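Participant: Quick one, fold the following:
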Amino acid sequence: VLGGLAAILLEPVVTFLGHAVHPKDGQIIMFETVSRAIPWHIGLGYMAGFGTYYLVVYSQYKAGTLSAASVWKVTLISALCYWVGEAYFVQNGLWAYYDHQPLWIWKGTEPPTWGILNSTATLVGVTLMVFALPHLKGIAQLLIIPLAIAGAFMGHMGAGFPMYNAMNSTAAPWVIEFSGVASVLMAFVLIWLCSILLVRETKASRAV
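Facilitator: Numbering: from 1, shown residues only. Predicted coordinates:
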């Protein structure tokens, strides 16, 4: 859960590159950097969304029930929850997306690329945790907090680089649309690879 809160450090970077803002008016600001104000409710959202995802996947790993299908299921359900859950906040001005966002059909909620990238970021983070925790003892287990931050950046930027590069260029609108598709496909590649690694680690842990 603390790792989920710490992953908030991803927010100013992706909102800056991805053209999104959290208006300051009427909000309690957690911190501000790269011209982006990050309110406390966003931090709590990271704690809830990322933290819940971590706990669900890690509990399945510990129980030996984690499968490739469950990794895909949890990740895609998470992406859907981001898309549905943001509708209220976007429509009430708690945050806003601007400029040309790829695949953004319904302007009343987030562009769907964001939910997929968020879920991929969470998956990469929990993959790092699953591999690290058996080797961490005592206070060293706190290393999972910076690993959550690293995983968030690895997953989000690792899959989202086509979109972020296109959005911050003079590319034609169709190129930006294609960049969204490319980022979603790259996210699927990362989800696939993480599912293989997590299932392999789960089987190895049960065999010991």
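Participant: His41: neighbour count?
Facilitator: Neighbour count of His41, defined by other C-beta atoms under 10 Å: 15. C-beta coordinates here come from the backbone N, C-alpha and C atoms, glycine included.
Participant: Helices of the chain, start to end?
Facilitator: Remark: helices assigned in the chain by DSSP state H are 2-6, 11-18, 40-63, 68-91, 112-132, 144-167, 173-207.
Participant: How far does the first one sit from its chain's centre?
Facilitator: Just to be clear, that refers to helix 2-6. Averaging C-alpha positions (C-alpha atoms, centre = their mean, to the nearest Å) puts helix 2-6 12 Å from its chain's average.
Participant: How about residues contacting it?
Facilitator: Residues outside helix 2-6 that contact it (C-beta atoms under 8 Å, 6 or more residues apart in numbering) are 43-44, 46-54, 125, 129, 144-149.
Participant: ok, now with 6 Å
Facilitator: Helix 2-6 has contacts (C-beta atoms under 6 Å, 6 or more residues apart in numbering) with 43, 46-47, 50-51, 144-145, 148-149.
Participant: got those residues as TSV, with distance to Trp174, pLDDT and neighbour count columns?
Facilitator: Converted to TSV, those look like this (distance: C-beta to C-beta, whole Å; pLDDT from 0 to 100; neighbours: other C-beta atoms under 10 Å):
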residue	distance to Trp174	pLDDT	neighbour count
Gly43	36	91	18
Tyr46	33	93	25
Met47	38	93	18
Phe50	33	94	28
Gly51	38	93	19
Ile144	42	94	22
Ile145	41	95	16
Ala148	36	95	29
Ile149	35	96	16
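Participant: For Gly64, state which of these is nearest.
Facilitator: Ile144 (20.3 Å; C-beta to C-beta).
Participant: From Met167, how far out is the residue lying closest to the closest one once chain neighbours are set aside?
Facilitator: Closest residue to Ile144 apart from its sequence neighbours, by C-beta to C-beta, 6 or more residues apart in numbering: Met129 at 4.9 Å. Met129 is 30 Å from Met167, where distance means C-beta to C-beta, to the nearest Å.
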